[in-house]
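# got a structure for you, letters missing:
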């Protein structure tokens, strides 16, 4: 099975809205799914007007996941909240991710996607020193995928949750750029 990705386009928004509405995604992303909301929140990145990279991930050519990758420093409010509680190395990036099809969860796909995107980050972004990823403490599947992909938990942080029903406890994971001798 081959994992590939490309930039999300506006043509992908109906599929993304469908994924965001699925209970296993909606639980953690808590995102509006109307066409207007998806355009508002994902349109700027799709059009290259925002620094975030929204990547549509495919498994053997079939779209299965979304990964958002960005420089933490490009989002000062996020950087401030995170850096107040955790060491954030200079030139750090972060990821957010979802598997769209519930039948594909719990099978190691998230781990494979995270490993692949992390490895590509070092080539795609030569200045990147680390990937720093906060995950809500209750989202065990997400943080376990990070651990299996080689990230390590290095701090607990009190951060604004995506879902207001959740408390503020997050685990922050980190993967440093591999050092080559």
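Right, received. Where do you want to start? Predicted model, so just to flag it, every value in this text is computed and none were measured.
# contacts and neighbour counts: CA atoms only from here.
OK.
# Could you grab the helix/strand/coil label for residue 67?
Secondary structure, DSSP: H, G, I helix; E, B strand; the rest coil: residue 67 is strand.
# what pLDDT does it get?
Turning to residue 67, the model gives it a pLDDT of 98.
# The closest residue to it other than its chain neighbours: which element?
Of all residues not flanking residue 67 in the chain, residue 97 sits nearest, at 4.3 Å (Cα to Cα, 6 or more residues apart in numbering). Element membership for residue 97, per DSSP states H and E: strand 92-99.
# so what does that strand touch, helix or strand wise?
strand 62-71, strand 130-136 (3 or more Cα pairs under 8 Å, 6 or more residues apart in numbering; DSSP states H and E).
# Give me the distance between the residue nearest to residue 172 when sequence neighbours are not counted and residue 8.
Nearest residue to residue 172, sequence neighbours excluded (Cα to Cα, 6+ apart): residue 134, at 4.1 Å. According to Cα to Cα, to the nearest Å, residue 134 stands 23 Å off from residue 8.
# before we move on, the earlier item: which residues sit in contact with the residue nearest to residue 67?
Residues near residue 97 by Cα atoms under 8 Å, 6 or more residues apart in numbering: 65, 66, 67, 68.
# biggest helix in the protein, by residue count?
Assignment by DSSP state H gives helix 109-124 as the longest helix of the chain.
# Let me know the angle separating that helix from strand 92-99.
150 degrees (axes from the mean of the first three to the mean of the last three Cα atoms, to 10 degrees).
# Please, where are all the strands along this structure?
If DSSP state E is used as the criterion, the strands of the chain fall at 3-7, 53-59, 62-71, 92-99, 130-136, 152-158, 169-176.
# Using a markdown table, lay out the ones you listed together with distance to residue 39.
Below are the strands of the chain laid out as a markdown table (distance: least, Cα to Cα, whole Å):
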| stretch | distance to residue 39 |
| --- | --- |
| strand 3-7 | 15 |
| strand 53-59 | 13 |
| strand 62-71 | 15 |
| strand 92-99 | 18 |
| strand 130-136 | 25 |
| strand 152-158 | 30 |
| strand 169-176 | 28 |
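# any idea which of those strands is most buried?
The highest average neighbour count among the strands of the chain, using mean count of other Cα atoms under 10 Å, belongs to strand 130-136 at a mean of 24.
# how distant is it from the center of its chain?
Strand 130-136 sits 8 Å away from the centroid of its parent chain (Cα atoms, centre = their mean, to the nearest Å).
# quick one on the thing from earlier: could you dump the contacts of residue 97 into CSV with distance to residue 120 added?
Shown next, in CSV, are these (distance: Cα to Cα, whole Å):
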residue, distance to residue 120
65, 16
66, 15
67, 12
68, 13
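# Roughly how far does residue 35 sit from residue 16?
Counting by Cα to Cα, the gap from residue 35 to residue 16 is 10 Å.
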